[in-house]
Every structure is written in C-alpha cells, then in structure tokens.
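With the sequence up front, the predicted model follows.
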Amino acid sequence: MLPISGKAIDIDTGNNLSVVLTDDGTVWAWGDNSAGQLGKGNTVGLSTPLKVGSLKKIVAISCGAQHALALAENGDLWAWGWNIMGQLGDRSFGDRAEPVRVTLKWLWQDVLSPARRG
C-alpha cells in the first residue's frame, strides 16, 4: 500500500516520475528528481510517494518529461521541475525544485494584448 493520504483520483507519469492526485486535493510524487520534478525542494530521488510542497485543493495534474503541473480549485496554476526551455511558464529557464505559481497575466500583456497586436 502506498503511503499517501486520501484516495487516488488521478495519476500521470513523466520520464521516471509518477505523480498522484488524491481526493483530499493533495499531490504526491516519486521517482527521478534530478531537476526537482518531485517538488520537494532538492534533487534527491525517492522510491516512495512524498507530498508535493504545501499544495492544497488541487483538482488536476499533468506531467511532462521531467516537470509537473497542478491546477488548484481557485484557478491557480503551479509548476515545478525541469525548465530548460521555459516549459514551467514562470518566465525563467531555471529548474524549480518546489512548486511555483504560474501567472498568465504576462501572456496577455506581452503577447495577446490588443496594443501589442497593433
């Protein structure tokens, strides 16, 4: 039996990474952590699930090759892990070993706003 709280309601995998969402809105991860993709603040891998940071009221999860995303009930988007191509969406290219909130406001201001389109 896996040491997670609640009942698993969703699971996704990346390269050597597993992430589970439970019915209590928490996220759990295990596997490779070379880029911080377990969201536990370091790069040490795990063979058993560990709760990802202080994420709460999560309703959806998704994994890339070595990064993960979580969508909260209030619409906040969280990302962590490998970020060499900016795939976390936090306007950086640095790996994140803990979840960071992704704000999409910059997308509107920098790319989609009517003023930018001319």
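Received it, and whenever you're ready, just let me know what you need. These numbers come from a predicted model, not from an experiment.

can you give me the strands in this protein?
In the chain, the strands defined using DSSP state E lie at 8-14, 17-22, 27-31, 46-51, 58-63, 67-72, 77-81, 96-102.

export the ones you listed to TSV and tack on distance to Gln87 and mean neighbour count?
Every residue, glycine included, has its C-beta placed from N, CA and C. As requested, those are exported to TSV (distance: least, Cβ to Cβ, whole Å; neighbours: other Cβ atoms under 10 Å):
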stretch	distance to Gln87	mean neighbour count
strand 8-14	11	15
strand 17-22	14	22
strand 27-31	17	23
strand 46-51	22	14
strand 58-63	11	18
strand 67-72	6	22
strand 77-81	8	24
strand 96-102	11	18
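
Now render the ones you listed as CSV, adding mean pLDDT.
Output for these, formatted as CSV (pLDDT from 0 to 100):
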stretch, mean pLDDT
strand 8-14, 96
strand 17-22, 96
strand 27-31, 97
strand 46-51, 94
strand 58-63, 95
strand 67-72, 94
strand 77-81, 95
strand 96-102, 96
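
Now distance to Gln37 too, for those, in a markdown table please.
Below are these laid out as a markdown table (distance: least, Cβ to Cβ, whole Å):
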| stretch | distance to Gln37 |
| --- | --- |
| strand 8-14 | 7 |
| strand 17-22 | 5 |
| strand 27-31 | 7 |
| strand 46-51 | 11 |
| strand 58-63 | 8 |
| strand 67-72 | 6 |
| strand 77-81 | 3 |
| strand 96-102 | 8 |
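
Ok, which of those strands comes nearest Asp90?
Taking Cβ to Cβ as the criterion, strand 96-102 is the member of the strands of the chain that comes nearest to Asp90, at 5.1 Å.

For that closest one, which outside residues touch it?
With Cβ atoms under 8 Å, 6 or more residues apart in numbering as the contact definition, strand 96-102 has outside contacts at 33, 35-36, 39-43, 52-53, 55, 69-70, 76-81, 83, 88-90.

hmm, try it at 6 Å
The list of residues contacting strand 96-102 from outside it, by Cβ atoms under 6 Å, 6 or more residues apart in numbering, reads 36, 39, 41-42, 53, 55, 76-80, 88-90.
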